[in-house]
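In: just need the structure, nothing else, for what follows:
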Amino acid sequence: MTHVPQATLSQDDLKTLVGRAALAYVVPGELVGVGTGSTVNKFIDALASIKDQIKGAVSSSEVSTERLKALGIAVFDCNDVIELAVYIDGADEIDGHGYMIKGGGAALTCEKIVAAQSRQFVCIADDSKLVQTLGKFPLPVEVIPMATQRILRQFAALGGQAQVRIKGGVPLVTDNGQHIVDVTGLQITDPLDFETRVSQWPGVVTVGVFAHQRANVCLLGTATGVKTLQF
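Out: Numbering: from 1, shown residues only. All right, here's what the predicted structure looks like:
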């Protein structure tokens, strides 16, 4: 563990710590996969300090792409890249096996694509995100709009309460032109099986359980520094 002096660290401080710690996993001369979210923003800012040592990045969202480019980091299209050495991203929840819930920032589909294209997934998060069982954080699911009501009913049959994510008084539209359904009331005790089953529902684009694309490493920001979890 990387230790820091005993002091009260804010959540923002913890995000900065893990963002900087993730630089150790960036492979010089190669492309790095970059996720989305406030913790990843700290990593992007840190990445700018070594931008001359990497070829560039593949981004999982328009927001991250804009931030990378503003800092002078070249962004490559996923289709032009065969494989990435590492993917750095946050999580809304992560358990002791490296399984995660992701998608609070509505970029889960592109995040899962970039994760699948990477040899290693490094999750960066503060210790509030570590859980025993996934499901307390509302599960994001990207859906094709015409299937929304049926998907809401299917989650209700599982004991979940699902609702369409609203932004500005209307359904949020993702970078892919779809909607997000957020589901509460679930306890996901078998993330691999859950991800497999829900992914097969017609109209589901991506379910925000990352089990098949789980983290290999988690850099967890704690009050005493960065704790490294290996899965």
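
In: partners of Ile180 in the sheet?
Out: In this structure, Ile180 bridges to Glu142 when assessed by DSSP bridges.

In: for it, what are its contacts?
Out: Gly103, Ala106, Pro140, Val141, Glu142, Val143, Val164, Arg165, Leu172, Thr174 (CB atoms under 8 Å, 6 or more residues apart in numbering). All C-beta atoms are positioned from the backbone trio N, CA, C, and that covers glycine.

In: same question, Ala116
Out: By CB under 8 Å, 6+ apart, the contact set of Ala116 is Gln213.

In: what does Cys218 give?
Out: Ala91, Ile94, Gly98, Val122, Cys123, Ile124, Ala125, Leu130, Thr228, Leu229, Phe231.

In: gap between the last one and Phe210?
Out: By that I understand Phe231. Here the criterion is CB to CB, to the nearest Å. By it, Phe231 lies 12 Å from Phe210.

In: the more surrounded of these two?
Out: Phe210 (30 against 15; other CB atoms under 10 Å).

In: correct me, but the more buried one touches Lys102?
Out: Yes - proximity of Phe210 to Lys102 meets the contact threshold set by CB atoms under 8 Å, at 5.4 Å.

In: which residues do the two both contact?
Out: Common contacts of Phe210 and Lys102 (CB under 8 Å, 6+ apart): Ala91, Glu111, Lys112.

In: now render the residues you listed as TSV, adding pLDDT, distance to Pro28 and neighbour count.
Out: Output for the shared contacts of Phe210 and Lys102, formatted as TSV (pLDDT from 0 to 100; distance: CB to CB, whole Å; neighbours: other CB atoms under 10 Å):
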residue	pLDDT	distance to Pro28	neighbour count
Ala91	98	26	29
Glu111	98	24	33
Lys112	98	26	25
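
In: among the residues you listed, which lie within helices?
Out: Mapping these onto helices (DSSP state H) picks out Glu111, Lys112.
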